[in-house]
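Enquirer: Based on what follows, work out the 3D shape:
(4 chains)
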Protein chains: 2
Amino acid sequence: MAPNSSAIRPKDELDLADQLSHELVRFVRLITKAKTQVAAQGPDGIERAAYAILFCLIHEGPQRTSKLAEYLHSEISTISRQSSALVQHGLVERQADPEDGRACLLAPTGEGLRVFEENRKQRNVWLAGVLGNWTQEDRETLNELFGRLNTDIENNFPDMGDTTVPQQSKGA
Amino acid sequence: MAPNSSAIRPKDELDLADQLSHELVRFVRLITKAKTQVAAQGPDGIERAAYAILFCLIHEGPQRTSKLAEYLHSEISTISRQSSALVQHGLVERQADPEDGRACLLAPTGEGLRVFEENRKQRNVWLAGVLGNWTQEDRETLNELFGRLNTDIENNFPDMGDTTVPQQSKGA
DNA sequence: AAATCTGCTTGCATGCAACAACTAAAGTGT
DNA sequence: ACACTTTAGTTGTTGCATGCAAGCAGATTT
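Expert: The predicted model follows:
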């Protein structure tokens, strides 16, 4: 079953939207599958999802749970759970927030950095494989457009928040 | 918390891979969130995930469960369940496969088409909003590169299958 | 110091996908 | 033609990730 009809090239905007939507869900499916295959947890028992936290902490510095949630578009509770796991495994440590005793700043530990670096390498090896035949230019273009897409999606969230797409009509 | 260090522009391939990885997970998070916000199920009680099946059937014609599973990178059982739901709600119908009595060809019903169309419109409205400020050229480029990315990821799956990224070292 | 607010954690429910056990229909060999 | 194996799909169970809501402890206000 090779993509035939709509999967060749866009004729007009609507077709393009269709196609892009398709690529979007295709991508999500692929990643979902990849996630299950790469094993749910690293040998350190860290949730896959928790690496995003590590990434954020490393790139942005120690953060509060709430900030992380905001940044990662997750529930605070989710971050809380994942952070706990990271702390338990010694990849992240809690520091008392000098400005607020209730809050705890999460910061990567040396071990956390090391583990993250290794993961980063793994991921990059994989990505390099995937993009092996790409020209440098295309890679950069993809990167840039992808980033823009994400940003634009982020900016379009508020609308979805209350517009909450009603979807179709029929009642059964 | 604005992206600072590595989130500006790629210096070399490794940095680019880093950045792209980041965009990838960012995207997944965004979509994940979007999915939950758009409501778990359509008013017809159909799982969100099932729409991919509808899409596939409409674009590729009646298919067997197994083909769908292959195409959508899902387990047959998953497809089976979702298909059942679609059948129950009259969006898809089972046709006996003339070539094999065990198999059933799944085909969209008129109602299925209608419902899908409505969903498509919704999605396109949203996408149009997201890509509102893009030039047509950029949109097409994104679409093309995204498609290529997906294809290349698909092709790199076999490796992941058994290489199953060992990840890091320390045992704690 | 009592009332309130806020940041985080925990319990419960949901959605989704995988694995396994099972049914039924084809093929195969004698 | 009849048992035996293989193949297609369905259903039950399990497990994971997430969101919501309730609870808890530290901070703030009056």
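Enquirer: ok now do the spatially most central residue of chain A, which residues does it touch?
Expert: By CA atoms, centre = their mean, the mean C-alpha position of chain A lies nearest to residue A:52, the distance being 6.7 Å. Listed by CB atoms under 8 Å, 6 or more residues apart in numbering or on different chains, the contact partners of residue A:52 are A:72, B:25, B:29. To be clear about C-beta, it is placed using only N, CA and C from the backbone, and glycine gets the same treatment.
Enquirer: Without its sequence neighbours, what residue ends up closest to the second one?
Expert: Yep, that's residue B:25 we're talking about. residue A:52 (5.6 Å; CB to CB, 6 or more residues apart in numbering or on different chains).
Enquirer: With residue A:107 instead?
Expert: Counting by CB to CB, 6+ apart, the residue nearest residue A:107 is residue A:62, at 3.8 Å.
Enquirer: and the one you found, what are its phi and psi?
Expert: The phi/psi pair for residue A:62 (degrees, to the nearest 10) reads phi -50, psi 140.
Enquirer: can you pull the contacts of it?
Expert: By CB under 8 Å, 6+ apart, the neighbours of residue A:62 are A:95, A:105, A:106, A:107.
Enquirer: Any figure for the gap between the first one and residue A:103?
Expert: Pointing back at residue A:95 there. According to CB to CB, to the nearest Å, residue A:95 and residue A:103 sit 10 Å apart.
Enquirer: out of the two, which sits in the busier spot?
Expert: A direct count of neighbours by other CB atoms under 10 Å in any protein chain shown for residue A:95 and residue A:103 places residue A:103 higher, at 17 against 11.
Enquirer: roughly how far apart are that one and DNA strand D?
Expert: To DNA strand D, residue A:103 is 8 Å away according to CB to the nearest atom of the strand, to the nearest Å.
Enquirer: How about residue A:99?
Expert: From residue A:99 over to DNA strand D (counting by CB to the nearest atom of the strand), the distance is 7 Å.
Enquirer: For that residue, give me the pLDDT.
Expert: What the model reports for residue A:99 is a pLDDT of 85.
Enquirer: what about it, neighbour count?
Expert: 8.
Enquirer: For the helix or strand harbouring residue A:34, which helices and strands make contact with it?
Expert: If you go by DSSP states H and E, residue A:34 is part of helix A:13-37. Identification of packing neighbours for helix A:13-37 by 3 or more CB pairs under 8 Å, 6 or more residues apart in numbering or on different chains; DSSP states H and E yields helix B:13-37, helix B:51-60, helix B:110-130, helix B:136-155, helix B:157-163.
Enquirer: Give the rounded mean pLDDT of that helix.
Expert: Here the average pLDDT along helix A:13-37 is 85.
Enquirer: Residue A:111 touches residue A:90, doesn't it?
Expert: Yes. With contact defined as CB atoms under 8 Å, residue A:111 counts as touching residue A:90 (5.2 Å).
Enquirer: which ones are touching residue A:127?
Expert: B:17, B:20, B:21.
Enquirer: can you do 10 Å?
Expert: Residue A:127 is in contact with A:139, B:13-14, B:16-18, B:20-21, B:24, B:149, B:152-153, B:156, counting by CB atoms under 10 Å, 6 or more residues apart in numbering or on different chains.
Enquirer: From DNA strand C, how far out is it?
Expert: 22 Å.
Enquirer: biggest strand in chain A, by residue count?
Expert: strand A:100-108 (DSSP state E).
Enquirer: close to DNA strand C, is it?
Expert: Yes. Using CB under 7 Å from any atom of the strand, we find that strand A:100-108 touches DNA strand C at A:100, A:102, A:103, A:104.
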